[in-house]
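A.B. asks: build the 3D model from these lines:
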Amino acid sequence: MQTADVRADIPFLDEVIYLDAASTTPTPQPVVDAMCEYYHHFNSNTGRGAYRTAVKATSEMEKTREKLAKLINCDVREIIFTKNTTEAINLVSNGLKYEKGESVVIPNIEHHSNFVPWLNLKSKGVKTKIVKSGQYGIVKTSDIQDAVDKTTKLISVTQVSNSIGSIQPVEEIGEIARENDILYMVDAAQSVGHMSVDVKKIGADFMAFPGHKGLLGPVGTGFLYCKEELAESLYPVNLGGGTISDVSEDDFKLASVPARFEGGTQNIAGILGLGAAVDYINRIGLKKIEKHGKDLTKIMFNGIRDIENSIVYGHPENIYDMVGFNINGVNCHDVAKILDEQKTICVRSGMHCAIPAIRQIGAYEFGGSVRASIHYYNTKEEIRTLIDTLYEISRFLGS
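C.D. replies: A predicted model of the protein is given here:
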């Protein structure tokens, strides 16, 4: 599939220049069709009926689990459905058992969803060790190693920063975790669907994924990879329907993995749409998506950097599919509003749910930063329009 083919499947792109993929991506028609197929022809609950449409709904949902497992190179039993990355991370942070005095190591470049759940463990006597990133929002493996000691239970890190797109050395950090017999979690919110993600190669014990970003899936979908041998040590945080195999008046028995973690009725239509989205990504080809992203990111970074009064964050050789920036003298939200008003360009502005990261890169004084983020549906012409419009903003308002 070519970029034009994908754009033809997303009518929304005829109305705007959409540069906010890091927040959510528009949904292609085949994904919408898969959801409508469920609603129109077998709108039944899963795992709860012997009649044919219920069996079909269950079977189709399990096919999505199989597709996701193949996508990230793991066993199908290691895929747990969630409604987003945040829920997946909280499942791990709340489901692990801790001893008072243990610690968790995290960088300061993280999204709040991979920061606050670990800070919250202080009520259990768990200390959070914060590792500062460097000038370009990249974490040094040596700093991770220095933070690790005999109290460390887990290291958690993002693969690609959501605020400036800096790529972290997740494989090397995984080696540190293995060498020290420490649990390892990776936030893949900004990487899956944009590039090949292999959980075995990375060496993660847990990995959190969204459906609605790089995978072009529906909102309200996501999943957790949990290494099979660790699943029994992770306690469910959402008990009830579907999570139990037997109940007496004074006790209960958990269902097998992964069902024990998927309490209540799932977002069935969304999960089926997610399966269709994986098919769609595979039709395009991850290598093609990755090359397209690298090419456009380079054009966007260099073009914005060359604008007078611009401040661009991150290193041009180590960011992917997004550029964070500011125009000196102009509030970041004003930049975003002008882009929308002048050329219907959709970008994110503010703290990006990553306040420590924004402070680290020096963008806090601007009220945050502007972030333009892309996917395979974006074109060079759209990037050129962004750059030209920013040039005009800088020319008339910058200082």
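
A.B. asks: how about the helices in the stretch 251-399 of the chain?
C.D. replies: With DSSP state H, counting those that start in this stretch as the criterion, the stretch 251-399 of the chain has helices at 268-284, 286-305, 332-343, 355-361, 380-397.

A.B. asks: name the spans of the stretch 51-200 of the chain whose pLDDT lies under the cut-off.
C.D. replies: The stretch 51-200 of the chain contains no residues with pLDDT under 70.

A.B. asks: do a quick rundown of the strands in it.
C.D. replies: 79-82, 103-107, 127-131, 152-158, 183-187 (DSSP state E, counting those that start in this stretch).

A.B. asks: indicate which one of these is closest to residue 372.
C.D. replies: Across the strands of the stretch 51-200 of the chain, residue 372 has its closest neighbour in strand 152-158 (18.8 Å, C-beta to C-beta). Just so you know, the C-beta spots here come from the backbone N, C-alpha and C atoms, and that holds for glycine as well.

A.B. asks: parallel or antiparallel, which strands does the closest one pair with?
C.D. replies: Paired with strand 152-158 in the same sheet, following DSSP bridges, are strand 103-107 (parallel), strand 183-187 (parallel).

A.B. asks: what's in contact with it?
C.D. replies: Strand 152-158 is contacted from outside by 89, 96, 98, 102-107, 109-111, 114, 118, 126, 129, 139, 144, 148, 168, 170, 173, 176-177, 180, 182-190, using C-beta atoms under 8 Å, 6 or more residues apart in numbering.

A.B. asks: got a ChimeraX select line for the buried ones in those residues?
C.D. replies: Buried residues within the contacts of strand 152-158, by 16 or more other C-beta atoms under 10 Å, are selected in ChimeraX with:
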select :89,96,102,103,104,105,106,107,109,110,111,114,118,126,129,139,144,148,168,170,173,176,177,182,183,184,185,186,187,188,189,190
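
A.B. asks: redo the strands paired with strand 152-158 as JSON lines? Include distance to residue 15.
C.D. replies: Shown next, in JSON lines, are the strands paired with strand 152-158 (distance: least, C-beta to C-beta, whole Å):
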{"stretch": "strand 103-107", "distance to residue 15": "37"}
{"stretch": "strand 183-187", "distance to residue 15": "31"}
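
A.B. asks: which of those sits closest to residue 43?
C.D. replies: Using C-beta to C-beta, those put strand 183-187 closest to residue 43, at 33.3 Å.

A.B. asks: run through who's touching the closest one.
C.D. replies: Residues contacting strand 183-187 (C-beta under 8 Å, 6+ apart): 85, 89, 92, 96, 110-111, 113-114, 153-159, 170, 173-174, 177-178, 202-208, 230.

A.B. asks: hey, which of the helices of the stretch 251-399 of the chain is tucked in deepest?
C.D. replies: The highest mean neighbour count among the helices of the stretch 251-399 of the chain, using mean count of other C-beta atoms under 10 Å, belongs to helix 268-284: a mean of 23.

A.B. asks: that one versus helix 286-305: what angle between them?
C.D. replies: Angle of helix 268-284 versus helix 286-305, following axes from the mean of the first three to the mean of the last three C-alpha atoms, to 10 degrees, is 90 degrees.

A.B. asks: which strands or helices does helix 268-284 pack on?
C.D. replies: Helices and strands touching helix 268-284, by 3 or more C-beta pairs under 8 Å, 6 or more residues apart in numbering; DSSP states H and E, are helix 29-41, helix 52-72.

A.B. asks: circling back to that earlier point, for the strands paired with strand 152-158, which one sits closest to residue 22?
C.D. replies: Closest among these, using C-beta to C-beta: strand 183-187, at 12.6 Å.

A.B. asks: export that closest one as CSV, just CAs?
C.D. replies: C-alpha atoms of strand 183-187 as CSV (Å, rounded to 0.1, in the frame of the first residue of the first chain):
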residue,chain,number,x,y,z
LEU,A,183,12.1,-7.1,36.3
TYR,A,184,11.9,-5.0,33.2
MET,A,185,9.0,-3.1,31.8
VAL,A,186,8.8,-1.1,28.5
ASP,A,187,6.2,1.5,27.5
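
A.B. asks: now the helices of the stretch 251-399 of the chain as JSON lines including distance to residue 245 and mean pLDDT?
C.D. replies: Shown next, in JSON lines, are the helices of the stretch 251-399 of the chain (distance: least, C-beta to C-beta, whole Å; pLDDT from 0 to 100):
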{"stretch": "helix 268-284", "distance to residue 245": "21", "mean pLDDT": "98"}
{"stretch": "helix 286-305", "distance to residue 245": "38", "mean pLDDT": "98"}
{"stretch": "helix 332-343", "distance to residue 245": "50", "mean pLDDT": "98"}
{"stretch": "helix 355-361", "distance to residue 245": "42", "mean pLDDT": "95"}
{"stretch": "helix 380-397", "distance to residue 245": "52", "mean pLDDT": "97"}
